[in-house]
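# curious how this folds, go ahead:
(2 chains)
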2 protein chains.
Amino acid sequence: MKKAIFYHAGCPVCVAAEDMVVQAIDRSKYDLEIVHFAQHPNRVAEAETAGVKSVPALMLDNQVFHINFGASMADVKASA
Amino acid sequence: MKKAIFYHAGCPVCVAAEDMVVQAIDRSKYDLEIVHFAQHPNRVAEAETAGVKSVPALMLDNQVFHINFGASMADVKASA
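Numbering: from 1, shown residues only, chains lettered A, B, ... in the order given. The predicted model follows:
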């Protein structure tokens, strides 16, 4: 099982992307974890180290894919 | 079966995103079509109408998800 992490901050763009990821990702291959920064502010540093620049973002196999644009990580940190 | 269309233009960012989409999307739910604009320039208008602003982009259930940023549609049209 590969690890997939979807990082978001609850913004409308994030919610639409979350719906898409939850629906579309192949759960037979990926173990999907959803991290909402407002609920888990301690995960911000890990995400930034991994290369997350904005939310929503999906990390698969240590590659970061930014999906549309909801908020920058600076905005996320300012509101955390 | 739902329809998924991945639009790209062969750029390095596009190729990484294509690998991710091909690997991660649930093929039991989605019929995935990959459209390379250099090979199918006649598909540009359809993509723009659907809301594609840059490549790579994934369209699922008539929603567009821009994944990272490879090139704008203006760049795609200029090189087509």
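# check contacts around A:Val44.
Taking CB atoms under 8 Å, 6 or more residues apart in numbering or on different chains, we find A:Val44 in contact with A:Phe37, A:Met73, A:Val76, A:Lys77, A:Ala80. To be clear about C-beta, it is placed using only N, CA and C from the backbone, and glycine gets the same treatment.
# could you pull out the strands for chain A?
A:2-8, A:30-36, A:54-60, A:63-72 (DSSP state E).
# winner for burial among those strands?
Highest mean neighbour count of the strands of chain A: strand A:54-60, a mean of 24 (counted as mean count of other CB atoms under 10 Å in any protein chain shown).
# just checking, what packs against that strand?
Helices and strands touching strand A:54-60, by 3 or more CB pairs under 8 Å, 6 or more residues apart in numbering or on different chains; DSSP states H and E, are strand A:2-8, helix A:12-24, helix A:44-50, strand A:63-72, helix A:73-79, helix B:12-24.
# in the third one, what's buried?
Spelled out, it's helix A:44-50. Judged by neighbour count using 16 or more other CB atoms under 10 Å in any protein chain shown, the buried positions of helix A:44-50 are A:Val44, A:Ala47.
# mind checking the pLDDT average for it?
Across helix A:44-50, the average pLDDT comes to 96.
# what's the answer for the fifth one, then?
Confidence over helix A:73-79 (mean pLDDT, whole number) is 92.
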